[in-house]
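[1] here is my input; please provide its structure:
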Amino acid sequence: MTKQRLIEFDVLKFLAIFLVLWGHVILHLSDAPVAGNGMYNFISSFHMPLFMLISGFFASSSLKLPPRRFLSKKFFQLLWPCLSFGLLFLLLLAAIGLFDSRFPVGSFSLRGVAYYLWSGLWFLKSLFFCYAVLYVALAVCKGKLLWGGSVSFGCKPNIPYVQG
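    Residues are numbered from 1 along each chain as shown. Okay, here's the model as predicted:
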């Protein structure tokens, strides 16, 4: 039996991706500070929570997996792309000589590499931590989604914001 796609979620994901791109265009192509830009402030007020909400909607099957399988699946879905693409991009920057000028930690060193790999693709790392907290909260609350979700939402201020 094949699962039927939910067109509404495809449209919602398209809208969220479009808004992220629009926000980045405003951020990088405008000479004025973005703090006073109403459109940028509007977009950044909800676009990442929207992605997290969409991810949460599709999380139920993963949350039923045993702990080791859950961590393995989420590692390869979320953290592995951070590391692999981050490392490839880092090597590209080093090859064309732009690494030292782009990062505050300076030279192509272990500290510089660690800083870059930790700060890049922060949203995937944050999503991994959110999944892990929800998984533990559901285990503690014996699978009751309302209580587990409430506990994990209450822990949100303590989930690392891994943007660097």
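
[2] return the residues in contact with the residue positioned nearest the centre of the chain.
    Taking C-alpha atoms, centre = their mean, the centroid of the chain lies closest to F123, which sits 1.8 Å from it. If a contact means C-beta atoms under 8 Å, 6 or more residues apart in numbering, then F123 has 48, 51 as its contacts. For glycine as for every other residue, the C-beta is placed from the backbone atoms N, C-alpha and C.

[3] and the gap between it and V113?
    Going from F123 to V113 by C-beta to C-beta, to the nearest Å gives 20 Å.

[4] circling back to that earlier point, tell me which helix or strand the residue nearest to the centre of the chain sits in.
    helix 122-140 (DSSP states H and E).

[5] and that helix, what's its mean pLDDT?
    Mean per-residue pLDDT for helix 122-140: 81.

[6] got a list of what V34 touches?
    Residues in contact with V34 (C-beta under 8 Å, 6+ apart) are 26-27, 40-41.

[7] would you list those residues in TSV and tack on pLDDT and distance to L88?
    Below are the contacts of V34 laid out as TSV (pLDDT from 0 to 100; distance: C-beta to C-beta, whole Å):
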residue	pLDDT	distance to L88
I26	87	27
L27	83	24
Y40	86	29
N41	86	33
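
[8] considering the residues you listed, which possesses the most neighbours?
    In terms of neighbours by other C-beta atoms under 10 Å, the contacts of V34 top out with Y40 at 20 neighbours.

[9] might one say that that residue is in contact with V25?
    No: counting by C-beta atoms under 8 Å, Y40 sits too far from V25 to count as a contact (9.6 Å).

[10] count the neighbours of L91 for me.
    12.

[11] element containing it, please.
    With DSSP H and E as criterion, L91 is part of helix 80-95.

[12] ok and that helix relative to helix 122-140, angle-wise?
    Between helix 80-95 and helix 122-140, the angle comes out at 160 degrees (axes from the mean of the first three to the mean of the last three C-alpha atoms, to 10 degrees).
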